[in-house]
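Asks: build the 3D model from these lines:
(one chain, ligands or ions: 2)
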Amino acid sequence: MTQTKTAELPMTFHPDVAAALRDGRPVVALESTIITHGMPFPQNVEAARAVEAEVRAHGAVPATIAVMDGQIHIGLTDAALDALGQAQHVMKLSRADLAACLAMGRMGATTVAATMICAALAGISVFATGGIGGVHRGAETTFDISADLPELAASAVTVVAAGAKAILDLPKTLEVLETQGVPVIAYGQDDFPAFWSRSSGLKAPLRMDSAAQIAAAHLMRGRLGLPGGQLVANPIPEADEIARAEITPVIETALAEAEAAGIAAKEVTPFLLDRIFALTDGRSLQSNIALVLNNARLAAAIATEIAAMRA
Ligand code: PSU
Ligand code: MN
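Replies: Ligands and ions are numbered 1, 2, ... in the order given. Here you go, the predicted model:
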């Protein structure tokens, strides 16, 4: 494979991504923890390819990010994506683990936090995913707050997600984002979406109805010298929604199982995702894929607007 290496950083660009960045064309970053710790094989690899295709179909170049062979890969070849999707013992990388993984030469999948760091280093402004990490229920005793939240305040990347799952404490998640100075922008509605459901029952702090407004706000933060990015909360399409009343008991069961099994730290989120997929017989997985595709479309539109405004 012909790839370009930067001199200073342990970073390898897929040639399509390198060309787009050089020419100022739109690029959308994609995370890899969703592939290794968020969905089962082979649906994970199929979904990752479908999301990349969706980004391309909407005029941007996809850059799936992961760590392999001591390098941060910005855009994966088909072979690399296949290897990642089936590999065992892949590290789940957040801000704390990224440098260590590179130094040890291990394979690592980037969470929202680590993907933001890598995207910013690579010069990519927009990133699409499914759901972000947040404040877990019971955080007042466990202190389990995802490093995704402070990262949104630190790295200048606009993240498009379908809100956050109700496995989290959503009011506390919004409070922490407010404290950290992260703009939380609901797209096309007033309510903050809850991943499988279009509404969490909570109002989002901000609302925007066009990709152009989101792009302008992203660039305005840079002009004002404000560090950090934006969280765009894009509701799942109606046809793919699982009603709150239907998903709530499933979430409660998964949470009770996690507590009974003594699951803690980095294992909490993957454990809950896996149990919810099993408890819904894969229905949650279908919705999950649909909402990521929806986020990929919006992210491509935002990246296109940013590229046009910079030109
Ligand atoms: N929430 C989801 N799906 C996911 C994740 C979170 O609905 O796949 C993944 C993302 O990679 C996110 C990470 O950045 O889990 C958060 O993990 P933690 O809660 O351990 O910070
Ligand atoms: Mn955690």
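
Asks: contact partners for S287?
Replies: 196, 236, 240-242 (Cβ atoms under 8 Å, 6 or more residues apart in numbering). From N, CA and C alone the C-beta is placed, and that goes for glycine too.

Asks: and those, which is closest to ligand 1?
Replies: W196 (9.3 Å; Cβ to the nearest ligand atom).

Asks: can you give me phi and psi for the residue nearest to the spatial centre of the chain?
Replies: Among the residues of the chain, the one closest to the centroid is T129, at 3.2 Å (Cα atoms, centre = their mean). T129 adopts backbone torsions of phi -150, psi -170, taken as degrees, to the nearest 10.

Asks: got it, and A47?
Replies: phi -60, psi -40.

Asks: quick one: pLDDT of the nearest residue to it once chain neighbours are set aside?
Replies: Leaving aside its sequence neighbours, A47 sits nearest to I289 (Cβ to Cβ, 6 or more residues apart in numbering; 4.8 Å). Note on I289: pLDDT of 96.

Asks: where does I289 land in three-state SS?
Replies: For I289, the assignment made with DSSP: H, G, I helix; E, B strand; the rest coil gives helix.

Asks: next one: it from ligand 1, what distance?
Replies: According to Cβ to the nearest ligand atom, to the nearest Å, I289 and ligand 1 sit 12 Å apart.

Asks: if we can go back for a sec, quick one: residues contacting the residue nearest to the centre of the chain.
Replies: 30-31, 34, 112, 115, 159-161, 292, 295.

Asks: what's the ChimeraX syntax to select whichever of these are buried?
Replies: Buried members of the contacts of T129, defined by 16 or more other Cβ atoms under 10 Å, are picked up in ChimeraX with:
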select :30,31,34,112,115,159,160,161,292,295
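
Asks: how about the residues of the protein that lie near ligand 1?
Replies: Within the chain, the residues that sit near ligand 1 (Cβ under 6 Å from any ligand atom) are 31, 33-34, 38, 94, 111-112, 130-133, 146-148, 165, 195, 266, 269, 273.

Asks: okay, and which of these map to strands?
Replies: Among the residues of the chain next to ligand 1, the subset assigned to strands under DSSP state E is empty.

Asks: need the contact list for T115.
Replies: Taking Cβ under 8 Å, 6+ apart, one finds 29-32, 65, 127, 129 in contact with T115.

Asks: and those residues, which two are the farthest apart?
Replies: S32 and F127 (11.8 Å; Cβ to Cβ).

Asks: dump the residue contacts of the residue of the stretch 151-300 of the chain found nearest ligand 1.
Replies: When scored by Cβ to the nearest ligand atom, the stretch 151-300 of the chain has T269 as its residue closest to ligand 1, at 3.8 Å. Going by Cβ under 8 Å, 6+ apart, T269 touches 37, 133, 146, 167.

Asks: in this structure I34 contacts V292, no?
Replies: Yes. Judged on Cβ atoms under 8 Å, I34 makes contact with V292 at a distance of 7.3 Å.
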